[in-house]
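Peer 1: predicted structure and sequence below. I'll ask about it afterward.
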Amino acid sequence: MKRQLSLISLAIFAVLASCKADKEPSNPAATPAPAVAKSSKVRLKTNKGDIVIELDSEKAPVTVANFLSYVNQKHYDGTVFHRVIDGFMIQGGGFALDGNKLVEKETGKGIVNEGKNGLKNSIGTIAMARTNDPNSATSQFFINVADNDMLNFPSNGGYAVFGKVVEGMEVVNKIKGVSTTTGMLTMRHPVTGEKIEAPAGDVPTENMVIESAKAE
């Protein structure tokens, strides 16, 4: 049951996700992705060690270009893995520390979902987090720590895999094993845009910080 609920709340929590999906249309098609190297990598330097992601721009060109744009803007620097479920995934890229609070960062518009690109949500792969709207992914991502077949196409359009961990899986395993609790996140309401505080489950009791993200 826990995993089933997670499918509709990977990017934001269920009550807000359903509200957004009901009141907003799907995002329009993204502009063509700029050319990127086929085997580009990104190093996530965390307070638990480094994680290196190899990106697959051949099968997920829009998603990779979007991810690299956030990397180049240093959007991920200082963000945290705010949602951790051992046996499922670790999710980050959307919230940063502001004192003792986790506050959602501003992002661009959602991108076209590439969930049917043939890449599977298997252990060690990285995919985009989103709401029920398949075209709502912005900056948040998750790293699978299990073979999550229920996230693959055609289920709800599929969750778009765009790369895999090639170094630092031991760091991912450290993060997936941290203790978690119910916490409060400061986020934008998906309809009104105003900042609200909402309860969130699976929040690490210790901050799992992405200190920097750099393309290699």
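Peer 2: Everything's here; your move. Quick caveat, the model's predicted, so the values are computed rather than measured.

Peer 1: please make it C-alpha for all contacts and neighbour counts, starting now.
Peer 2: Noted.

Peer 1: spatially nearest residue to the spatially most central residue of the chain, not counting backbone neighbours?
Peer 2: Closest residue to the average C-alpha location of the chain: Phe141 at 1.4 Å, with C-alpha atoms, centre = their mean. Distance criterion C-alpha to C-alpha, 6 or more residues apart in numbering; nearest residue to Phe141, sequence neighbours excluded, is Met128 at 4.3 Å.

Peer 1: give me the number of residues near Ile123?
Peer 2: 18 (other C-alpha atoms under 10 Å).

Peer 1: check contacts around it.
Peer 2: Neighbouring residues of Ile123 by C-alpha atoms under 8 Å, 6 or more residues apart in numbering: Ile143, Asn144, Val145, Ala146, Asp147, Asn148.

Peer 1: just confirm the fifth one is within a helix.
Peer 2: This means Asp147. No: membership of Asp147 in a helix is not supported by DSSP: H, G, I helix; E, B strand; the rest coil, which gives coil.

Peer 1: how about it: what's its closest non-neighbour residue?
Peer 2: In space, and not counting its chain neighbours, Asp147 is closest to Ser122: 4.1 Å by C-alpha to C-alpha, 6+ apart.

Peer 1: follow-up on the earlier one: ok, now how distant is the residue nearest to the centre of the chain from Gly99?
Peer 2: 23 Å (C-alpha to C-alpha, to the nearest Å).

Peer 1: and what of Pro204?
Peer 2: For Pro204, the distance to Gly99 - C-alpha to C-alpha - is 16 Å.
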